[in-house]
Each structure stands twice: as structure tokens, then as C-alpha cells.
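In: sequence-free structure coming up:
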Ligand code: MG
Ligand code: ZN
């Protein structure tokens, strides 16, 4: 039998990404920057949630946003229009953000002037989960029209996120979203993670989410 050299590309890429992500996290710690990674399907309202959160916490923190998109800069333009520093990463087809992409985004910001930094990942519920971005907190977002069965279909993101936001509660009357079933399903996969129902359109429920987030940032401070 001859010897076979097996090179597992996927494992190599993942472990390189993990190492870089860990380094980014400790660089951010040194500069007292708290990084939050938002993940969801396209159209759940990541940008809207980020904009609402910026408005709500603007007197408490110095904030900025790194936007990830396959193409276009519309999300970064929207954030910049609110008066916050925004960096747009165009992945050119890639369906999730890697630590190397985040590093480029960080290089474009003055981190000394930021305490709370938001990262909007590419809209999809699968591969962003497997790619550490260096974030301190991973938030998964979904919206009422997507249905209460998402935890059954995409268990990995529900097992690993630190918190969940259910957006578009203002249209709950028009959809058969069973909140109890949803909470039960998430609870089985991730009993510790809090779930915040809110509406980015009306602003309902934004305050409890922001005060929880603010506590998390505060807890990390020396
Ligand atoms: Mg967006
Ligand atoms: Zn991907």
C-alpha cells in the first residue's frame, strides 16, 4: 500500500479562520471595542435592527458598522446617512464573512474612537455560522413572515447564537407564527439564549433588546 498525503482544505481554511478570528477578538479587547455579529436570512431586517439600535444607544456608546454584502453599498449608505461611520465589504459572490474580510473592515476604522461595533453578515442562515468573525456576541435575527419552524430547519444557528431577535411583530396578525412553539423549539436547542420580539418599523420592543445589549457591553468593561 502506498502512502497517501491527505490535505483537508476545508479543515485548513476553517482552522486558519479560527486563529485569525481569535487574534482579532484579542486586538479588539485591547482597544475596548465590543463587536456584535448579526446573522439572518436576506430581508429579516438586519440593517433596520442595526439602525434602530444605533439610534437607541447613541448617547451611551461610540458606534460604527461594518456591512457585508455580495454586491452594492446601499446598507452602508443607509448607516452613514444616520451619521455613523460605516464600512462596506463587498464579497463579490462569497456568501459569508470571513475573519480576513472583517480584518480589512477593522483596518478602515479608527478603533480608538469606537466602543461598540456592529457587523452585518451576508444574509443566509447556513455558512455564516461556521465562520468565526472575531465577534464577542453573535445575534441571530428572524422575522415573523419566515415562520416558527426555522429552528427545525436550521438548527446549527439556533444552537450557537448568543441571542435571538424576532423582527416584524407589527405584522403578526397576518401570519401564523406560533410564538410559543418557536420559543419551545429554540429552548430545546439553546436554553440560555434570550429571545427579543420587536418591530423595527414601529420601534416596539426595541428598548428591552438595547438595554440587554448595553448590559452585555458593560459587563465586558474593566
Ligand atoms: Mg442589510
Ligand atoms: Zn458562505
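Out: It's in. Just so it is clear, the structure is predicted and the values come from calculations on it, not from any experiment. Ligands and ions are numbered 1, 2, ... in the order given.
In: Got phi/psi on residue 87?
Out: phi -120, psi 130 (degrees, to the nearest 10).
In: no wait, residue 166
Out: Residue torsions, per degrees, to the nearest 10, at residue 166 are phi -110, psi 110.
In: Test my guess that it contacts residue 199.
Out: No: applying Cβ atoms under 8 Å, one finds residue 166 not in contact with residue 199, separated by 9.6 Å. Placement of C-beta: from N, CA and C, glycine included.
In: between the two, who's got more neighbours?
Out: For residue 166 versus residue 199, the count of surrounding residues by other Cβ atoms under 10 Å is larger for residue 166: 26 against 21.
In: What distance do you get for that one to ligand 1?
Out: 17 Å (Cβ to the ion, to the nearest Å).
In: Show the pLDDT at that residue.
Out: pLDDT, residue 166: 98.
In: Beta-bridge partners for it, please?
Out: Legend: beta-bridge partners of residue 166 under DSSP bridges are residue 142, residue 197.
In: now it: how far from residue 130?
Out: Distance of residue 166 to residue 130, computed by Cβ to Cβ, to the nearest Å: 23 Å.
In: Secondary structure element for residue 65, which one?
Out: Element membership of residue 65 [criterion: DSSP states H and E] is strand 63-69.
In: list the helices and strands that strand packs on?
Out: Under the contact definition 3 or more Cβ pairs under 8 Å, 6 or more residues apart in numbering; DSSP states H and E, strand 63-69 sits against helix 46-57, helix 74-81, strand 86-90, helix 99-107, strand 116-120.
In: what about 6 Å?
Out: Contacts defined by 3 or more Cβ pairs under 6 Å, 6 or more residues apart in numbering; DSSP states H and E place strand 63-69 against helix 74-81, strand 86-90, strand 116-120.
In: in its sheet, what does it sit against?
Out: Strand pairing for strand 63-69, using DSSP bridges, gives strand 86-90 (parallel), strand 116-120 (parallel).
In: what separates residue 148 from residue 186, distance-wise?
Out: Distance from residue 148 to residue 186, by Cβ to Cβ: 10 Å.
In: got a list of what the spatially closest residue to residue 45 that is not a sequence neighbour touches?
Out: Using Cβ to Cβ, 6 or more residues apart in numbering and skipping the chain neighbours, the partner closest in space to residue 45 is residue 167 (4.2 Å). Residue 167 makes contact with 44-45, 143, 200 under the criterion Cβ atoms under 6 Å, 6 or more residues apart in numbering.
In: Now with 8 Å, please.
Out: Residues in contact with residue 167, defined by Cβ atoms under 8 Å, 6 or more residues apart in numbering, are 44-45, 48-49, 141-144, 198-200.
In: can I get those in a markdown table with pLDDT and distance to residue 174?
Out: Below are those laid out as a markdown table (pLDDT from 0 to 100; distance: Cβ to Cβ, whole Å):
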| residue | pLDDT | distance to residue 174 |
| --- | --- | --- |
| 44 | 97 | 16 |
| 45 | 97 | 16 |
| 48 | 97 | 18 |
| 49 | 98 | 20 |
| 141 | 98 | 19 |
| 142 | 97 | 16 |
| 143 | 98 | 12 |
| 144 | 98 | 8 |
| 198 | 98 | 17 |
| 199 | 98 | 13 |
| 200 | 98 | 17 |
